[in-house]
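**Student:** What follows is a predicted structure for the sequence shown.
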Amino acid sequence: MKHSIILTGCLLAASGIAGNCLAQTGEPYIHDPSTIMKCDGKYYTFGTGGGGLISEDGFTWHGGGVRPGGGAAPDAVKIGDRYLIAYSATGGGLGGSHKGSVLTMWNKTLDPESPDFEYTEPIEVASSLDGDDCDAIDAGLLLDPVTGRLWCTYGTYFGFIRMVELDPATGARVEGNEPIDVAIDCEATDLIYRNGWYYLLGTHGTCCDGPNSTYNIVVGRSRNVTGPYLDNVGRDMIAGGGRMVVAAGKRRTGPGHFGRYIEEDGVEKMSCHFEADFDRGGRSVLAVLPLLWKNDWPVAGEPFEEGVYEIESERRGYALELAVDFVRIPHKMHRFWEKTEEPIVPIESQTLADVQDGWGDGEIEVRIGDYMFRPHQKWAVVAVPEAGGYLGAPYYKIIIDGTDRALTATADREVTSLPSFTGADEQLWRIEQLTDGTYRIMPKKVPGCDTQLALISIADSTPTLGEFDMNSDNSKWNFRKR
Amino acid sequence: MVLILGITAVSAARKKAQPDLSPYFTGSTTTPAQPDSEGFIRRWLILEPIEKPNRSNTVFTDSYLREVLDNKDFSAATLPRDGEKVKLGKQTLQWHSLDSEKFNVKLFRFATLLEKPHYGVIFLVATAIDCEEDIPDVRMSVGSNSASMWWLDGEEAVLLSGDRRMVQDDCMSRRLTLRKGRNIIRGAIINGPGMSDFCLRFLNEKGEPVNNFTVSTK
């Protein structure tokens, strides 16, 4: 009962404007969010029509971003110590003119309160006329980490997606560079690079139809930045190919305008909009999802959902548990080889009431052990949105289901459980899905420690806090419902 | 239930030929040993098994282990002497200083080769490690069959409860400091039916074996 009350609290707290713990909070209303940029500790994204969103922590977003020029579907990239913003002036789209223009401009900072905040004069880098098989809007930028060259894709459902090369020093089109056709019938394309592959992401489906928008994000990949970009069945995106990255779900329709954000090795996120968040009256909202990689294909992870879980160590597959006596379940053993006429009577699962009296009221250490779906192994993970968050999600408390006993980081860089959740930073946990689908779990703060540490399996049966290492299964966990 | 209290030394150490415990053990020498290439400590004083009948290993809960194993005779920060005999109830048991041929110390074979009880028993082990300087932020890493309890200089370091299989790096202590000079390790391994063995080493913060110390049973 306590648990359901807490869940309700979460829903209400997050939805001061209506919503739930799956979505960004605040006023995350935007269409065509540009790739999220971090500038002086804050997060920024710009959208269609001008302006943009700002967030202090990456979870709660408000308006206030400044991006002049209006127009459609901007993108952003940081080059050196400056930010290059690309956006487009549109002729009207759909039933209107397809005379478009892609422009770029620089700023030293994205913080409109900074004295350094000043955009340079926009430079046109691509354009289309009404008779062209291209609509020169919806720019996407890639600073190639291999070559240092700067690329810009643009275009819509009206003909080709094209690519031009820009000068990373000026943001202008490289002299003499001619557009290359790389896809058709996408919108809001974006280029990214990883592990020897270039990826072209585009939005397919029907735009701007709220809860009925069929928008979805697809991808093709190529060993060369100029293509051809093929999907998972070998179909060229210039023939309409594309492998799904994210579609509608969780009461949200119309994902569009991909952006990639790399926290660190193994921790990546993607931004997009959902054209209609049903829990926010069908408004278009910013979404930040885990970005997973499966066989070198990008796939959107699911937002973490509150619930009761086994927290399984990727190291051996054992489960995080309280270090308490294992209480056996009474059971009459049968000889396996003898037929019995006794009726089959289900065995009752062990309950908290069966075992809790033996736990005591004080601190109980935690360890990792064979998962037996017992009460000391069932953790309720509950959002604490009032404690803020990090890029894409709120902090969570991790408590033994049916109790207030909370997983707690200690000053000696270990983990334990304390009988009550107090809201202290050492009892707040950051949960992020990694690129391989497992999870990283980190306390908001380790008392007396300035280093960001993660929950680690230092031994098969022993958890601790240590530095996260994507190349070690010691650093990875799974949340399982079983 | 508390059967194992009040170990009494009944004879001084005296040197005599060790029984043949090959291929699992050889008698240790007076020359200090090094941990092996993976950091496992192979030189141990092992007490002949203490009878503690248990038909199943499933009884080894945390509470049971603390009741049966956690006593000062087991955890003392002193080193027994090779050949020393102690009396427990009707049993008179002898300490043996041995070098294990394997990284995992085969207690079951120790008992059977000595023709001692090998099921329903408690093994006590002890060794000393000598450090030239403090070695901070290391962990005692233990695997044992079945349950066991370990102490460093008399302080509990690791508890392995339940019906355990011997697994390298199964359980680790919190971060410890091996002090400059002598550090005494004591362990008590309890087993009902089945095989019994253990392995122990120290690992640093990076998970690397710690081996800048010597091991002695003298």
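**Tutor:** Received it, and whenever you're ready, just let me know what you need.

**Student:** Outline the domain layout of chain A.
**Tutor:** What automatic domain parsing lists as the domains of chain A is A:24-300, A:307-480.

**Student:** now, of those domains, which is deepest in the fold?
**Tutor:** domain A:24-300 (a mean of 20; mean count of other CB atoms under 10 Å in any protein chain shown). C-beta here means a position set from N, CA and C on the backbone, and glycine is covered the same way.

**Student:** want to throw the domains of chain A into JSON lines with mean pLDDT?
**Tutor:** Shown next, in JSON lines, are these (pLDDT from 0 to 100):
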{"stretch": "domain A:24-300", "mean pLDDT": "96"}
{"stretch": "domain A:307-480", "mean pLDDT": "96"}
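
**Student:** Put together JSON lines for those domains, with distance to chain B on each row.
**Tutor:** Listed next are those as JSON lines, based on distance: least, CB to the nearest CB, whole Å:
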{"stretch": "domain A:24-300", "distance to chain B": "17"}
{"stretch": "domain A:307-480", "distance to chain B": "4"}
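
**Student:** show me where the stretch 301-450 of chain A has strands.
**Tutor:** Ranges of strands in the stretch 301-450 of chain A, per DSSP state E, counting those that start in this stretch, are A:307-313, A:319-322, A:364-369, A:379-383, A:389-390, A:393-394, A:396-400, A:406-409, A:415-418, A:429-433, A:439-443.

**Student:** Can you tell me which of those strands is nearest to A:Ser114?
**Tutor:** In terms of CB to CB, the element of the strands of the stretch 301-450 of chain A nearest to A:Ser114 is strand A:389-390, at 23.1 Å.

**Student:** Pull up the pairing partners for the closest one, direction included.
**Tutor:** The strands beside strand A:389-390 in its sheet (DSSP bridges) come out as strand A:393-394 (antiparallel).

**Student:** Off-centre distance for the partner strand?
**Tutor:** 10 Å (CA atoms, centre = their mean, to the nearest Å).

**Student:** Contacts for that strand next, please.
**Tutor:** Strand A:393-394 is touched from outside by A:14, A:21, A:25, A:59, A:288, A:303-304, A:383-385, A:387-388, A:430-432, with contacts defined as CB atoms under 8 Å, 6 or more residues apart in numbering or on different chains.

**Student:** Same question for stretch A:224-235.
**Tutor:** So stretch A:224-235 is contacted by A:142, A:144, A:147, A:149, A:151, A:163, A:180, A:182-183, A:191, A:193, A:198-200, A:218-222, A:236-238, A:241-243, A:297 (CB under 8 Å, 6+ apart).

**Student:** repeat that with 6 Å
**Tutor:** A:151, A:180, A:182, A:198, A:200, A:220, A:222, A:236-237, A:241-243 (CB atoms under 6 Å, 6 or more residues apart in numbering or on different chains).

**Student:** Let me have these in a markdown table, extended by distance to A:His376 and secondary structure.
**Tutor:** Listed next are those as a markdown table, based on distance: CB to CB, whole Å; DSSP: H, G, I helix; E, B strand; the rest coil:
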| residue | distance to A:His376 | secondary structure |
| --- | --- | --- |
| A:Trp151 | 54 | strand |
| A:Ile180 | 60 | strand |
| A:Val182 | 55 | strand |
| A:Tyr198 | 49 | strand |
| A:Leu200 | 49 | strand |
| A:Gly220 | 48 | strand |
| A:Ser222 | 51 | strand |
| A:Asp236 | 55 | strand |
| A:Met237 | 51 | helix |
| A:Gly241 | 50 | coil |
| A:Gly242 | 47 | coil |
| A:Arg243 | 43 | strand |
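
**Student:** out of these, who's nearest A:Gly65?
**Tutor:** Checking the contacts of stretch A:224-235 one by one against A:Gly65 (CB to CB), the nearest turns out to be A:Trp151, at 24.4 Å.

**Student:** so the spatially closest residue to that closest one that is not a sequence neighbour, which of the three states?
**Tutor:** Distances taken as CB to CB, 6 or more residues apart in numbering or on different chains place A:Leu142 nearest to A:Trp151, at 4.8 Å, with adjacent residues excluded. Of the three states, A:Leu142 takes strand according to DSSP: H, G, I helix; E, B strand; the rest coil.

**Student:** same thing with the one 10 residues further on?
**Tutor:** Using three-state DSSP as the criterion, the local structure at A:Cys152 reads strand.

**Student:** Pairing partners for it in the sheet, please.
**Tutor:** Beta-bridge partners of A:Cys152, as defined by DSSP bridges: A:Leu141, A:Val164.

**Student:** my guess is A:Arg413 meets A:Leu465, correct?
**Tutor:** Yes. Between A:Arg413 and A:Leu465 there is a contact at 4.6 Å, judged by CB atoms under 6 Å.

**Student:** quick one: the closest residue to A:Phe46 other than its chain neighbours and A:Asp75, what's the gap?
**Tutor:** Distances taken as CB to CB, 6+ apart place A:Gly52 nearest to A:Phe46, at 3.7 Å, with adjacent residues excluded. Shown here: A:Gly52 relative to A:Asp75, a distance of 12 Å by CB to CB, to the nearest Å.

**Student:** number of nearby residues for the closest residue to A:Arg328 other than its chain neighbours?
**Tutor:** Closest residue to A:Arg328 apart from its sequence neighbours, by CB to CB, 6+ apart: B:Thr58 at 6.9 Å. B:Thr58: 13 surrounding residues under other CB atoms under 10 Å in any protein chain shown.

**Student:** A helix includes B:Thr58, no?
**Tutor:** Yes. Assignment of B:Thr58 by three-state DSSP places it within a helix.

**Student:** Looks like it contacts B:Gly162 (just checking).
**Tutor:** No. B:Thr58 is beyond contact range of B:Gly162, at 7.7 Å (criterion: CB under 6 Å).

**Student:** Okay, and the residue positioned nearest the centre of chain B sits in which element?
**Tutor:** Among the residues of chain B, the one closest to the centroid is B:Val125, at 2.9 Å (CA atoms, centre = their mean). Here B:Val125 is covered by strand B:121-131, with elements defined by DSSP states H and E.

**Student:** Sheet partners, orientation included, of that strand?
**Tutor:** By DSSP bridges, strand B:121-131 pairs with strand B:43-47 (antiparallel), strand B:50-51 (antiparallel), strand B:181-191 (antiparallel), strand B:213-216 (antiparallel).

**Student:** right, and those - which one's nearest B:Leu79?
**Tutor:** Here strand B:181-191 is closest among the strands paired with strand B:121-131 (CB to CB), at 5.9 Å.

**Student:** Flag every buried residue along the closest one.
**Tutor:** B:183-191 (16 or more other CB atoms under 10 Å in any protein chain shown).

**Student:** interface residues of chain B facing chain A?
**Tutor:** With CB under 6 Å from any CB of the partner chain as the criterion, chain B meets chain A at residues B:61-63, B:169-172, B:174.

**Student:** Dump those to TSV, plus secondary structure.
**Tutor:** Compiled in TSV, the residues of chain B next to chain A are given as follows (three-state DSSP):
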residue	secondary structure
B:Thr61	coil
B:Asp62	helix
B:Ser63	helix
B:Asp169	coil
B:Asp170	coil
B:Cys171	strand
B:Met172	strand
B:Arg174	coil
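
**Student:** Can you select the buried ones among these for me in ChimeraX?
**Tutor:** Buried residues within the residues of chain B next to chain A, by 16+ other CB under 10 Å, are selected in ChimeraX with:
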select /B:61,62,169,170,171,172,174
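
**Student:** Start and end of stretch B:209-217, how far apart?
**Tutor:** 21 Å (CA to CA, to the nearest Å).

**Student:** and it, what's its mean pLDDT?
**Tutor:** Mean per-residue pLDDT for stretch B:209-217: 97.
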